[in-house]
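A.B. asks: after the sequence you'll find the predicted model.
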Amino acid sequence: MDWLILGLAATTFLSTLIGGTLAIKFKRALPFFFAFAAGSLIAVTFFDLLPESLELASNVSLSTRYIMVAVVVSFVFYSILEKYFLIHHHDEEEGHGHIMGPIGAGSLVVHSFLDGAAIGASYRVNPAIGVVVAFAVIFHDFTDGINTVTLMLKNNQRVKKATMFLLADAIAPILGIAVTSMLVIGQAVLAVIL
């Protein structure tokens, strides 16, 4: 692994930490962070992840139908999961916060790992493309940090627990880059996962 990819990995880490730290430091502005986080999640999904997934699918002649089925199944899965925990979870009353905070933040950690995998995979194919993908990830990792903390705090999780998820979210792209430097993930599989 060369210094450029290591520098890009470190920058993704810092971008996520800075965004999350701002959300922790300015907790009184949490409603504004939540509005920004919700908008950025929707924007990243429809303007970054979905187009990237569709492009990968077309590159390997995978029907876009599989991508759309994955989107619908994921949406239905998270909706059912959220409804289940909203009905059956009672720890919030005991001061432990709602389970949807860790579930949402954990999803962002997985997403960040896949971002790192996309950086590593594209860098292996062509370093110039890897740098472009890395810059896209770096710019939206700032909002990933905000989103991670906001999801935790909005669901009455403690700042310490939010910080743990923030660190996991910041480390995840580095792990994704490391894994793709050792393994090869097929583009069709990556398209569906995204």
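C.D. replies: Yep, that arrived.
A.B. asks: where in the protein is pLDDT low?
C.D. replies: Scanning the chain for pLDDT under 70 picks out 1, 37, 41, 44, 82, 85-97, 193-194.
A.B. asks: tell me where it has strands.
C.D. replies: Counting by DSSP state E, the chain has no strands at all.
A.B. asks: so where do the helices sit in it?
C.D. replies: 3-25, 30-44, 50-59, 64-88, 100-125, 127-154, 159-182, 187-193 (DSSP state H).
A.B. asks: right, and Ala105 touches Lys154 too?
C.D. replies: No - contact criterion Cβ atoms under 8 Å: Ala105 and Lys154 do not qualify, at 10.4 Å. Just so you know, the C-beta spots here come from the backbone N, C-alpha and C atoms, and that holds for glycine as well.
A.B. asks: and these two? Which one has more around it.
C.D. replies: Set side by side, Ala105 and Lys154 show more neighbours around Ala105, with 26 against 20, by other Cβ atoms under 10 Å.
A.B. asks: OK, contacts around the closest residue to that one other than its chain neighbours?
C.D. replies: In this structure, Ala105 finds its nearest non-sequential neighbour in Phe165, 4.1 Å apart by Cβ to Cβ, 6 or more residues apart in numbering. Under the criterion of Cβ atoms under 8 Å, 6 or more residues apart in numbering, the neighbours of Phe165 are Pro102, Ala105, Gly106, Leu108, Val109, Thr148, Val149, Met152.
A.B. asks: taking those, tell me the two that lie furthest apart.
C.D. replies: Gly106 and Val149 (13.4 Å; Cβ to Cβ).
A.B. asks: comparing these two, which residue is more hemmed in?
C.D. replies: Val149 (31 against 15).
A.B. asks: the more buried one and Gly116: what is the separation?
C.D. replies: 19 Å (Cβ to Cβ, to the nearest Å).
A.B. asks: on that earlier part again, list just the nearest of the contacts of Phe165 to Met182.
C.D. replies: The closest of those, once distances to Met182 are taken by Cβ to Cβ, is Val109, at 19.7 Å.
A.B. asks: burial of the closest one, as a residue count?
C.D. replies: Quick note: Val109 (other Cβ under 10 Å) scores 22 neighbours.
A.B. asks: what sits against it?
C.D. replies: Val109 neighbours (Cβ under 8 Å, 6+ apart): Thr148, Phe165, Ala168, Asp169, Ala172.
A.B. asks: kindly indicate the member of those residues with the most neighbours.
C.D. replies: Thr148 (32 neighbours).
A.B. asks: surely that one touches Leu166?
C.D. replies: Yes - counting by Cβ under 8 Å, Thr148 does reach Leu166; the two are 5.3 Å apart.
A.B. asks: now for these two: what residues contact both?
C.D. replies: Thr16, Gly20.
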